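Asks: Quick one, structure for this:
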Amino acid sequence: MKKIIFIFAAIWLAFFSSRGYAKTIQMIQLDDDTINPITAEYIIGAVERAENERAECLIIKLDTPGGLLNSTRKIVKTIMAADVPVVVYIAPGGSRAGSAGVFITYASHIAAMAPSTNIGAAHPVQLGQKGRETNMWDALKEFFKKDNGERATENEKDTRTSPEERAPGSENKDPMEDKILNDTVAFIKSIAEKRGRNEEWAVASVKDSDSITEQEALDKGVINMIADNDRDLIRKLDGMTVHIGDEDRVLATKDAVMERIVMDGRQQLFNILANPNVAYILMILGFYGLLYEVTHPGIGVPGIAGLIFLILAFFSMQTLPTNYAGLALVVLGLSLFVAEAMVPGLGLLTLGGLVSLILGSLLLFNSTEPMMRVSLSIILPVALTTAAITIFLIKAVFSAHRRKAVSGREGLVGSSGEARADILKGQEGRVFVHGEIWTAVAQEDVASGEKIVVTDVDGLILTVKKRTE
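Replies: Model prediction:
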């Protein structure tokens, strides 16, 4: 019996010892995803899993245009306090780490880039604007400009503005923008100091919206290496030393097993919904569905679909920096369209609804990042389409009012028919009207077979007279 227990104990020790020495590298990937609460949950969850499973390191394969500052801060805090080496790899070729991606890259223990990639810029507000309150007016001015060469790209605006003009304290800055800028500069400087990365470029990325290639990033000390692909990255990581907590760890990635962590179905769905354009379209579709259901009574597919779209839209808005003043303007604009369709007001309500919808859509999300606001190329078609639908409904209402009734009392008065028997004045007889035999009284004597016209209806009795050609 003792021998059997000894054998099982030896097998158990051998099994778990082999498992303990099986090194793993875990990898997650953001493929052109914005930094939002869902991607933050994905990254933070991957860090916790890598810590629990004692992975050799966690690789974040990054390609992002940027995102929300609150989500970025959560990710940075998690990476800075991680008990596992975190490697940020900007790849594949053509990828970029823009805006929030710069902070995540700086927070990593090891930063790498693939060829033909870039990093930057991390400016917290759009250049050439004085805070988020002016975004609406700049968008409107851009829209109403004539296509005569006046419209400039953001890069052209950037070249016309010197770094000195964009620095804190410049005459072109307002206090709120200075406050945001200074806070962001301090944030990235603290990260750079902790990780021993280039502070000067980090500040330039925030202040001057600077962006550099992978070779420039390596030369400036922004990243640790350039790796051609995943295999090259793992090979170069082997033997590198990283400082975790109070100790130095030497990475042994040569014989480690790669494990990829993908978003679960819930995260994939919610990540798609955490897009301002998707949220906006869902809200408009929900409005259309409910409008159709109201104008065509009965619980059917349009009403149910409209409710589902609205619920999904409201969920999306919870994950985005929603401006409720903008939401109120959107609701007001849609309400004015409905009011115009129900009570035609010569187009004034439609005009007011159009203006409210456009302004509300531009103000709907409070973000300085263009990718976190509703695109003007979506706002205008939606607003104009909604206005066109309203105008169509108005025309339909006017046509219905002008059209002669074909049923009920109004549909019978003025109708022609034929007497089916002699009708004496003041007495009842039979007439054929609208394909039916009716009881009728005549205002004069009418002979059988003569053509008659209905002049009045009293219950089921018609008053008729002879029809004159």
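
Asks: from here on, contacts and neighbour counts on C-alpha atoms
Replies: Noted.

Asks: so where's this protein uncertain?
Replies: Residues of the chain meeting the criterion pLDDT under 70: 1-22, 124-174, 176-177, 295-299, 341-346, 367-369, 393-411, 469.

Asks: Domain ranges for the protein, per the record?
Replies: Per automatic domain parsing, the domain ranges recorded for the chain read 20-263, 275-402, 408-466.

Asks: For my notes, please list these in CSV and give mean neighbour count and distance to Leu269 for each entry.
Replies: What follows is the domains of the chain, written out as CSV (neighbours: other C-alpha atoms under 10 Å; distance: least, C-alpha to C-alpha, whole Å):
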stretch, mean neighbour count, distance to Leu269
domain 20-263, 18, 9
domain 275-402, 19, 11
domain 408-466, 17, 53
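
Asks: which ones are touching the residue positioned nearest the centre of the chain?
Replies: Closest residue to the average C-alpha location of the chain: Pro276 at 2.2 Å, with C-alpha atoms, centre = their mean. Residues in contact with Pro276, defined by C-alpha atoms under 8 Å, 6 or more residues apart in numbering, are Ser316, Met317, Leu320, Phe365, Met371, Met372, Arg373, Val374.

Asks: could I get the residues you listed as a markdown table with secondary structure and distance to Lys74?
Replies: Formatted as a markdown table, these follow (DSSP: H, G, I helix; E, B strand; the rest coil; distance: C-alpha to C-alpha, whole Å):
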| residue | secondary structure | distance to Lys74 |
| --- | --- | --- |
| Ser316 | helix | 19 |
| Met317 | helix | 19 |
| Leu320 | coil | 15 |
| Phe365 | strand | 20 |
| Met371 | helix | 20 |
| Met372 | helix | 18 |
| Arg373 | coil | 21 |
| Val374 | coil | 24 |
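
Asks: and of those, the nearest to Thr64?
Replies: Met371 (10.6 Å; C-alpha to C-alpha).

Asks: That closest one contacts Gly67, doesn't it?
Replies: Yes: the criterion here is C-alpha atoms under 8 Å, and Met371 meets it with Gly67 at 7.5 Å.

Asks: ok, Leu357 touching Leu329?
Replies: Yes: the pair Leu357 / Leu329 is scored as a contact, 6.3 Å apart, by C-alpha under 8 Å.

Asks: I'd like the contacts of Pro276 laid out as a markdown table, including distance to Phe337.
Replies: Listed next are the contacts of Pro276 as a markdown table, based on distance: C-alpha to C-alpha, whole Å:
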| residue | distance to Phe337 |
| --- | --- |
| Ser316 | 24 |
| Met317 | 23 |
| Leu320 | 26 |
| Phe365 | 22 |
| Met371 | 28 |
| Met372 | 27 |
| Arg373 | 24 |
| Val374 | 21 |
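
Asks: now, which of these sits nearest Ala81?
Replies: Closest to Ala81 out of the contacts of Pro276 is Leu320 (25.9 Å), distances taken as C-alpha to C-alpha.

Asks: got a list of what the closest one touches?
Replies: Here Leu320 is in contact with Asn36, Ala274, Asn275, Pro276, Phe365, Met372 (C-alpha under 8 Å, 6+ apart).

Asks: Taking those, tell me the two that lie furthest apart.
Replies: Farthest apart among the contacts of Leu320 by C-alpha to C-alpha are Asn36 and Phe365. That separation is 13.3 Å.

Asks: Can you tell me which of the contacts of Pro276 comes closest to Ser71?
Replies: For the contacts of Pro276, the residue nearest Ser71 by C-alpha to C-alpha is Leu320; the value is 10.4 Å.

Asks: List phi and psi for the closest one.
Replies: Dihedral pair for Leu320: phi -120, psi 160, per degrees, to the nearest 10.
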